[in-house]
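*Asks:* With the input below, show me the fold.
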Amino acid sequence: MRVLLKATLDTEKSNEVIRSGRMEALIKETVDRIGPEAAYFGTIDGRRTALLVFDMQDSSQMPPLGEPFLMELNAEVDLCPIMNGDDLAKGLSQLG
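*Replies:* Residues are numbered from 1 along each chain as shown. Model (predicted):
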């Protein structure tokens, strides 16, 4: 299932990680482990935010996907099933 992971980083904690020089490696390790089809970084509501789109095979993947953001960056993590245009067309065709 295609999933959107939204990680909203705690400003104080992420400032600390940036100052320590660990942010680039932490983000790279996390993105490499998740293997998203798309990854975007910016600010939403004035807070550093990571948006990752990836295929989740099983709900047991949730802890290893979100924990680096939670443990290292005190992030708020949301996981949401999403569709691309082809998925939407397929679903709509089943409505009868």
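*Asks:* tell me which strands and helices the helix or strand bottoming out on mean pLDDT in the chain is in contact with?
*Replies:* Here the helix or strand of the chain ranked lowest by mean pLDDT, DSSP states H and E is helix 62-73, holding a mean of 91. Counting contacts by 3 or more CB pairs under 8 Å, 6 or more residues apart in numbering; DSSP states H and E, helix 62-73 packs against strand 2-8, helix 11-20, helix 23-34, strand 76-81. Using the backbone N, CA and C atoms, a C-beta is placed for each residue, glycine as well.
*Asks:* and with 7 Å instead?
*Replies:* Identification of packing neighbours for helix 62-73 by 3 or more CB pairs under 7 Å, 6 or more residues apart in numbering; DSSP states H and E yields helix 11-20, helix 23-34, strand 76-81.
*Asks:* Would you tell me what the next helix or strand after the second one is?
*Replies:* Taking DSSP states H and E as the definition, the helix or strand that follows helix 23-34 towards the C-terminus is strand 38-44.
*Asks:* and after that following strand, which helix or strand comes next?
*Replies:* Going down the chain from strand 38-44, the next helix or strand is strand 47-55, by DSSP H and E.
*Asks:* What strands flank that next one, and is each parallel or antiparallel?
*Replies:* Take DSSP bridges as the rule and strand 47-55 pairs in its sheet with strand 2-8 (antiparallel), strand 38-44 (antiparallel).
*Asks:* Deepest-packed of those, please.
*Replies:* Mean neighbour count (mean count of other CB atoms under 10 Å) peaks for strand 2-8 among the strands paired with strand 47-55, with a mean of 19.
*Asks:* what comes into contact with the least confident helix or strand of the chain?
*Replies:* The contact list for helix 62-73 (CB atoms under 7 Å, 6 or more residues apart in numbering) reads 5, 7, 9-10, 13-14, 17, 26, 30, 34, 75, 77, 79.
*Asks:* Got a PyMOL select line for the buried ones in those residues?
*Replies:* In PyMOL syntax, the buried subset of the contacts of helix 62-73 is picked out as below (16 or more other CB atoms under 10 Å):
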select buried, resi 5+7+9+10+14+17+26+30+34+75+77+79
